[in-house]
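Undergrad: Pasted the sequence and its predicted model underneath.
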Amino acid sequence: MRLLVTGGAGFIGSAVVRKAVDEGHDVLNVDKLTYAASLTNVAPVSHLPGYRFVQADICDPSAMADAIAQHAPDVILNLAAESHVDRSIDAPDQFIQTNLVGTYTLLEAARKWWVSQGHPDTFRFHHVSTDEVFGTLGATGHFTEDTPYDPRSPYSASKAGSDHLVRAWYETYGLPVLLTNCSNNYGPYHFPEKLIPVIILRALAGEPVPIYGDGSNIRDWLYVEDHAEALLTVAAKGSVGRSYAIGGNNEATNLELAQQICALLDRARPGPQPYANLITFVRDRPGHDARYAIDPSRIRKELGWRPSVTLEQGLSRTVGWFLDNESWWRPLLSRGGVGKRLGSV
Ligand SMILES: NC(=O)c1ccc[n+]([C@@H]2O[C@H](COP(=O)([O-])OP(=O)(O)OC[C@H]3O[C@@H](n4cnc5c(N)ncnc54)[C@H](O)[C@@H]3O)[C@@H](O)[C@H]2O)c1
């Protein structure tokens, strides 16, 4: 496939780029290179002939038109986004710009190109979204593709709006779209401001490991390489106009997650005291959703995808990767806002 991946220098986008190029697809990575990006994330494949990079903003209509015309993609995979909920609480404007206006701009550029090419029925616009658009769950139940939207943070509201735009471009203009809503990801190259890297890196530094509220919030964790595999599967085999909920069936409270990571670190790099002693409860995030959990039956039954690792296996790989790759994460700690308490209103 000829893939145009936006946000391919970020956490999930780079996993998609690495996997796609490894599998022999032709990839154009289009990324603005915000604070969350690093081209080191794609270094393992950037020398290969199937990889090209363009620095561009998805809010720029002419840059998007040029990128699409030059690459002539079979699939546009839109992962470019502002993705950190805490930053969306402090400064929602960039979330509205990139996640809403950017998705609109890319949809329009894609539609015009698709029309100019005679509506090729092999073309796909695949929008990558989150389970956070569905709001929050109680103690039981799961999100499915039919769960009504109920976003509660500026981040999830901007992603929900972008999903609606994608559906509207399918219903109104017939643009062949695919939509995926995934649960929380973790793994190699995870930007150091997100929960799992924060736990690992604070513990290694011997600093308090901050856990919001009482640590009872539940997330359904998916290893990033399993998500990349799911995205390439949907891009290749998904039904036009259909959405797919993607999750790892790996629910854990934030406190359990921190304890599990601390136990892995105790084994891999024993410190002066058990790392779990560093766990510290801090003031909760406003509007902190209680529980997310995905029922991934559709993608499993219709497309045959399932996660390849359990949370235990994925966390063990992730902790090992962070221990081995200090030269990747150390420079990122000095980027603006990283390591600060954000989004506490
Ligand atoms: N991280 C998760 O757990 C998770 C879960 C489900 C869905 N998602 C979605 O997956 C996508 C990728 O998430 P991530 O965690 O890799 O994010 P990330 O923040 O790590 O990476 C985002 C990338 O997009 C780029 N970008 C931002 N604004 C841009 C713009 N205007 N134009 C071009 N590029 C721009 C950044 O430079 C960065 O490389 C997002 O759409 C996010 O909503 C994330």
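TA: Yes, it's here.

Undergrad: which residue does the stretch 1-150 of the chain bring closest to the ligand?
TA: In the stretch 1-150 of the chain, the residue that lies nearest the ligand is G10 (2.0 Å; C-beta to the nearest ligand atom). Bear in mind the C-beta positions are built from the backbone N, C-alpha and C, glycine included.

Undergrad: Go ahead and confirm H71 touches L28.
TA: Yes. Contact criterion C-beta atoms under 8 Å: H71 and L28 qualify, at 4.2 Å.

Undergrad: Would you map the helices across this protein?
TA: Listed in chain order, the helices of the chain (DSSP state H) span 11-22, 61-71, 85-90, 93-95, 103-116, 154-173, 195-204, 224-237, 254-268, 297-303, 311-324, 326-329.

Undergrad: Output the ones you listed in a markdown table; the columns should cover mean pLDDT.
TA: Formatted as a markdown table, the helices of the chain follow (pLDDT from 0 to 100):
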| stretch | mean pLDDT |
| --- | --- |
| helix 11-22 | 98 |
| helix 61-71 | 98 |
| helix 85-90 | 95 |
| helix 93-95 | 98 |
| helix 103-116 | 98 |
| helix 154-173 | 98 |
| helix 195-204 | 98 |
| helix 224-237 | 98 |
| helix 254-268 | 98 |
| helix 297-303 | 98 |
| helix 311-324 | 98 |
| helix 326-329 | 98 |
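
Undergrad: ranking these by burial, who's on top?
TA: When the helices of the chain are scored by mean count of other C-beta atoms under 10 Å, the highest mean neighbour count falls to helix 11-22 (a mean of 25).

Undergrad: still on that earlier bit, report the set of residues contacting both of H71 and L28.
TA: 2, 4, 52 (C-beta atoms under 8 Å, 6 or more residues apart in numbering).

Undergrad: and of those, the nearest to G141?
TA: Of all the shared contacts of H71 and L28, G141 sits closest to L4, with 36.3 Å by C-beta to C-beta.

Undergrad: Can you pull the residues of the chain lying near the ligand?
TA: With C-beta under 6 Å from any ligand atom as the criterion, the chain meets the ligand at residues 6-7, 9-13, 31-34, 36-37, 57-59, 79-83, 98, 102, 128, 130, 159, 182, 184-185, 191.

Undergrad: before we move on, the earlier item: dump the helices of the chain into CSV; add distance to G336 as well.
TA: Listed next are those as CSV, based on distance: least, C-beta to C-beta, whole Å:
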stretch, distance to G336
helix 11-22, 17
helix 61-71, 24
helix 85-90, 10
helix 93-95, 12
helix 103-116, 24
helix 154-173, 18
helix 195-204, 16
helix 224-237, 24
helix 254-268, 25
helix 297-303, 36
helix 311-324, 21
helix 326-329, 16
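
Undergrad: Cheers, nothing more for now.
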